[in-house]
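> Take a look and give me a structure for this.
(one chain, ligands or ions: 2)
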Amino acid sequence: MQDPDCIFCKIINGDIPSTKVYEDELLFAFNDINPAAPVHVLIVPKKHIQDNNHITAEDEVIAGRMFTAAKEIASQLKIAEDGYRLIINTGRHGHQEVPHLHLHLIGGQPMQHPMG
Ligand code: 5GP
Ligand code: ZN
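Ligands and ions are numbered 1, 2, ... in the order given. Below is the predicted model:
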């Protein structure tokens, strides 16, 4: 379920410190160390899933929960009404740096970067 060499697995386990903003039985969410906006939270499954290409049918509850958690965290951080951006980078062309699936929740100001 976990990869001992994975930085996000270490954060989930508490072996690397982070600022936790949400946790349930499937997910852990924490502030990005290099925020792109006033709010930048990473929502990660506790199960080590490398990236979007490695999600299977049995992960559908986890994948769905990532979006409902994003909604709850956005509400908790009071950015829901103004809006925000959700991003999942995948692989080389997606500029994914950490090979453990994660959903970026970015907000707190109007987004400045165009897509693509
Ligand atoms: P990616 O490019 O893989 O989609 O995004 C990885 C994100 O993880 C980056 O925004 C980066 O700032 C963040 N990150 C990398 N290492 C750490 C860390 O040790 N702690 C935290 N909180 N964020 C990290
Ligand atoms: Zn991992």
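> what about the strands in this protein?
Along the chain, the stretches classed as strands by DSSP state E are 20-23, 27-31, 39-45, 84-87, 103-107.
> mind giving me CSV with the ones you listed and columns for distance to ligand 1, mean neighbour count and mean pLDDT?
Heads up, the C-betas are built off the backbone N, CA and C, glycines and all. Listed next are those as CSV, based on distance: least, C-beta to the nearest ligand atom, whole Å; neighbours: other C-beta atoms under 10 Å; pLDDT from 0 to 100:
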stretch, distance to ligand 1, mean neighbour count, mean pLDDT
strand 20-23, 10, 16, 98
strand 27-31, 5, 20, 98
strand 39-45, 6, 22, 98
strand 84-87, 7, 16, 97
strand 103-107, 6, 22, 98
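> now the ones you listed as CSV including distance to H113?
Listed next are those as CSV, based on distance: least, C-beta to C-beta, whole Å:
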stretch, distance to H113
strand 20-23, 22
strand 27-31, 19
strand 39-45, 13
strand 84-87, 9
strand 103-107, 9
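> of the ones you listed, which approaches I11 most closely?
When the strands of the chain are compared by C-beta to C-beta, strand 27-31 sits nearest I11, at 6.3 Å.
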